[in-house]
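**Q** Predicted model, plus sequence, below.
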Amino acid sequence: MTTTERAVSPVPEQSPSEHVPGGRDIWFFVLFESLAFTAYFCVYLFNRTQHEQVFLLGQSHLLLWLGVLETIVLLTSSWAVASCVQDARAGRYDASKREALLTAGFGALFLVLKVIEWVRLIHAGHTFTSSEFFQYFFFLTVIHCIHLLIGFVVLGVLWYQLSDQKRRSQPTVEICATYWHSVDFFWVLIFALLYVVR
Amino acid sequence: MENGFNKRIFVAWLILVAISLVYLWIDHSATHQGIPTASTVVTVVAICFALIKVRIIMREFMEVRGAPRFLRRLTDYWVVLMAIALFGVYFVGIAVA
């Protein structure tokens, strides 16, 4: 059985090492992306302080519990892909493939919840042009969902890698997981800024 | 329980979920009769919690905890940089307004 085979480059799980998860390139990408998102957030926060009442009014139309639910769903997908990396490293490829599917499943659930939220808001008359708050809301959530859609392609690559013994490469598994985690932490920040900040 | 179950990342997930649920209570404290009210304390706490969550995701899920020192430092500085940018812009914005 292939499940007992070793991964290409196993690394110690707990002790600090010279191993960069996924390699340096993906970290440059993640940090650059987080810089771009931070720039969006700064513009949003500044405008928020200038038009406080408009933003508070817009925010009153959001369902916080739905945002919390979306956050928990995405965090769970991140947990699944973290487990996927560890199982792949230990040579447990069947478990790893299951977790990759679970990650995609939770990602899809997040997307469904997001679409439900958008439809609900648009039906209530809150669109990209209806107020400054919703301009930022739709911009940030759509940009994030584009990253999520790219994440599905990345998970496809992950699945493809894990499916065949000859293609398996632990660095690629880690690159895919690192990208998915970055989509998760971008959402964590977007959620706090759009739904909770006052 | 399955052989590969990792308790540490499960605990990390639990903490992340718990912080997410705390937001419900934070929000309740800054809402009057269903209408959100402005609050600097809530803003600061919400952003701090989000940055703490980002660091937990990086350290535990993204395996930075076991990575070389330069990556551990770089990611920590990055979180601090985001904090400075967000709080800086927020407080400058309040001062200008």
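**A** Thanks, I have the structure now.
**Q** use CA for all of it now, contacts and neighbours both
**A** Fine.
**Q** can you map out the helices along the chain?
**A** Went with chain A since none was named. A:24-50, A:52-59, A:64-89, A:93-123, A:132-163, A:170-191 (DSSP state H).
**Q** meant chain B, my bad for not saying
**A** Under the criterion DSSP H, chain B contains helices at B:7-29, B:40-56, B:69-96.
**Q** Of all residues in chain B, which one is closest to chain A?
**A** residue B:66 (3.9 Å; Cα to the nearest Cα).
**Q** distance of that residue from residue A:19?
**A** Between residue B:66 and residue A:19 the computed distance is 8 Å (Cα to Cα, to the nearest Å).
**Q** Same list (the helices of chain B) but as TSV, adding mean neighbour count and distance to chain A.
**A** Converted to TSV, the helices of chain B look like this (neighbours: other Cα atoms under 10 Å in any protein chain shown; distance: least, Cα to the nearest Cα, whole Å):
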stretch	mean neighbour count	distance to chain A
helix B:7-29	16	6
helix B:40-56	19	4
helix B:69-96	16	5
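**Q** could those helices go into JSON lines alongside mean pLDDT?
**A** Formatted as JSON lines, these follow (pLDDT from 0 to 100):
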{"stretch": "helix B:7-29", "mean pLDDT": "90"}
{"stretch": "helix B:40-56", "mean pLDDT": "95"}
{"stretch": "helix B:69-96", "mean pLDDT": "95"}
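**Q** between the helices of chain A, which gets the lowest average pLDDT?
**A** Ranked by mean pLDDT, these bottom out at helix A:52-59, with a mean of 91.
**Q** about what we covered before: and residue B:66 and residue A:19? Which one has more around it.
**A** The neighbour comparison of residue B:66 against residue A:19 (other Cα atoms under 10 Å in any protein chain shown) goes to residue B:66, with 22 against 18.
**Q** So that one sits against residue A:17, correct?
**A** Yes - using Cα atoms under 8 Å, residue B:66 is in contact with residue A:17, at 6.0 Å.
**Q** With distance to residue B:72 and mean neighbour count as added columns, please give the helices of chain A in CSV.
**A** Below are the helices of chain A laid out as CSV (distance: least, Cα to Cα, whole Å; neighbours: other Cα atoms under 10 Å in any protein chain shown):
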stretch, distance to residue B:72, mean neighbour count
helix A:24-50, 12, 17
helix A:52-59, 36, 18
helix A:64-89, 18, 24
helix A:93-123, 25, 18
helix A:132-163, 24, 18
helix A:170-191, 15, 24
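**Q** could those helices go into TSV alongside distance to residue B:54?
**A** Formatted as TSV, the helices of chain A follow (distance: least, Cα to Cα, whole Å):
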stretch	distance to residue B:54
helix A:24-50	11
helix A:52-59	23
helix A:64-89	11
helix A:93-123	18
helix A:132-163	16
helix A:170-191	5
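**Q** how about those helices, which one is nearest residue B:5?
**A** When these are ranked by proximity to residue B:5, the top entry is helix A:64-89, at 7.7 Å, counting by Cα to Cα.
**Q** Which strands or helices does the closest one pack on?
**A** With contacts taken as 3 or more Cα pairs under 8 Å, 6 or more residues apart in numbering or on different chains; DSSP states H and E, helix A:64-89 sits against helix A:93-123, helix A:170-191, helix B:7-29.
**Q** Identify whichever of the ones you listed lies nearest to residue B:50.
**A** helix A:170-191 (5.6 Å).
**Q** the inter-axis angle of that closest one versus helix A:64-89?
**A** Angle between the axes of helix A:170-191 and helix A:64-89 is 170 degrees (criterion: axes from the mean of the first three to the mean of the last three Cα atoms, to 10 degrees).
**Q** Okay, angle between helix A:170-191 and helix A:132-163 too, please.
**A** 160 degrees.
**Q** ok, helix A:170-191 near chain B or not?
**A** Yes - with Cα under 8 Å from any Cα of the partner chain as the measure, helix A:170-191 is seen reaching chain B through A:177-178, A:181, A:185, A:188-189.
**Q** With that, I have no additional questions.
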